[in-house]
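Colleague: Need coordinates for the following:
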Amino acid sequence: MTADPLNDRGTVIWHDHCDAPNTTGCSELENIIQAPASINLVQPAIAVDKTGDAFSKLGDEIDYAVTLSNNSSADTPPLNCTAATRWQG
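Modeller: Sure, this is the predicted structure:
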């Protein structure tokens, strides 16, 4: 399992080149910068549960209940979720 927060190190390497116009007294250099980096790993999760009448026959009205549950980790930003259904018979 990955640690949370995920700690890493970022490295940037660039070269100064002396082939630019009007460059005098230049020596080519390699520059390296390293910096720590950390990112919070969130675990978004939504559970969907649908229940309905156990039995029906043609022409019966059927009732369904759809439940959405936010099972995300506590540090997950708020989730905006809308359940929309369209049933046609």
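
Colleague: ok, which stretches of the chain are strands?
Modeller: Counting by DSSP state E, one finds strands in the chain at the ranges 6-16, 29-39, 46-52, 64-70.

Colleague: where does the protein have low pLDDT?
Modeller: Applying pLDDT under 70 to the chain picks out residues 1, 16-29, 86-89.

Colleague: ok so, going back, save the strands of the chain as a markdown table, and put in mean neighbour count and distance to Pro78 too.
Modeller: To be clear about C-beta, it is placed using only N, CA and C from the backbone, and glycine gets the same treatment. Below are the strands of the chain laid out as a markdown table (neighbours: other CB atoms under 10 Å; distance: least, CB to CB, whole Å):
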| stretch | mean neighbour count | distance to Pro78 |
| --- | --- | --- |
| strand 6-16 | 10 | 22 |
| strand 29-39 | 9 | 19 |
| strand 46-52 | 10 | 12 |
| strand 64-70 | 11 | 9 |
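
Colleague: Around Ser72, how many other residues sit close by?
Modeller: Here the number of neighbours of Ser72 (other CB atoms under 10 Å) works out to 15.

Colleague: who's in contact with Thr2?
Modeller: Thr2 sits next to Leu41 when contact means CB atoms under 8 Å, 6 or more residues apart in numbering.

Colleague: what do you get for Leu68?
Modeller: Contacts of Leu68 (CB under 8 Å, 6+ apart): 46-48, 81, 83.

Colleague: Tell me which two in the residues you listed are the farthest apart.
Modeller: Farthest pair in the contacts of Leu68 (CB to CB) is Ala47 and Ala83. Separation: 11.9 Å.

Colleague: quick one: Asp49 from Ala65, how far?
Modeller: Plainly put, Asp49 is 8 Å away from Ala65 if you go by CB to CB, to the nearest Å.
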